[in-house]
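Novice: Here is a sequence with its predicted model. Questions after.
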Amino acid sequence: MKQSEINKLTITELQEKLGEFKKSYADLKMAHAISSLEKPIQLRNVRRTIARLACELTKRELQ
């Protein structure tokens, strides 16, 4: 998810997306622990998206 897409979301949508991506990350990590992923770069991409969402959420809550 790109930063421009994240900027368009509301606070509730940000929280929902953050929850979805955290669950997705946990699932990917579990799958990777059991057997190697076809695209292990997915872990990094999801982790970075989680960070972007969390950062934007914090920024909006502080305003």
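Specialist: That came through, no problem.
Novice: May I see the buried residues of the worst-scoring helix or strand of the chain on mean pLDDT?
Specialist: Counting by mean pLDDT, DSSP states H and E, the chain has its least confident helix or strand at helix 3-7, which shows a mean of 94. Residues of helix 3-7 classed as buried: residue 6 (neighbour count, 16 or more other C-beta atoms under 10 Å). Using the backbone N, CA and C atoms, a C-beta is placed for each residue, glycine as well.
Novice: Now do that helix: distance to the chain's middle.
Specialist: On the basis of C-alpha atoms, centre = their mean, to the nearest Å, helix 3-7 sits 12 Å off its chain's mean C-alpha point.
Novice: After it, which helix or strand is next?
Specialist: helix 11-34 (DSSP states H and E).
Novice: Name the residues of that next one that are buried.
Specialist: Judged by neighbour count using 16+ other C-beta under 10 Å, the buried positions of helix 11-34 are 14, 17-18, 21, 25, 28.
Novice: ditto for stretch 52-63
Specialist: Neighbour-count burial for stretch 52-63 [16+ other C-beta under 10 Å]: 52-53, 56-57.
Novice: How about residues contacting that stretch?
Specialist: The contact list for stretch 52-63, computed with C-beta atoms under 8 Å, 6 or more residues apart in numbering, reads 1, 3, 6-7, 9, 11, 14-15, 17-18, 21.
Novice: one step back: any chance of the buried residues of stretch 52-63 in TSV, with distance to residue 39 and pLDDT too?
Specialist: Converted to TSV, the buried residues of stretch 52-63 look like this (distance: C-beta to C-beta, whole Å; pLDDT from 0 to 100):
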residue	distance to residue 39	pLDDT
52	20	97
53	21	97
56	25	96
57	27	96
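Novice: Give me the nearest residue to the residue most central in space within the chain, chain neighbours excluded.
Specialist: Centroid-nearest residue in the chain: residue 50, 2.8 Å away (criterion: C-alpha atoms, centre = their mean). Distances taken as C-beta to C-beta, 6 or more residues apart in numbering place residue 21 nearest to residue 50, at 5.0 Å, with adjacent residues excluded.
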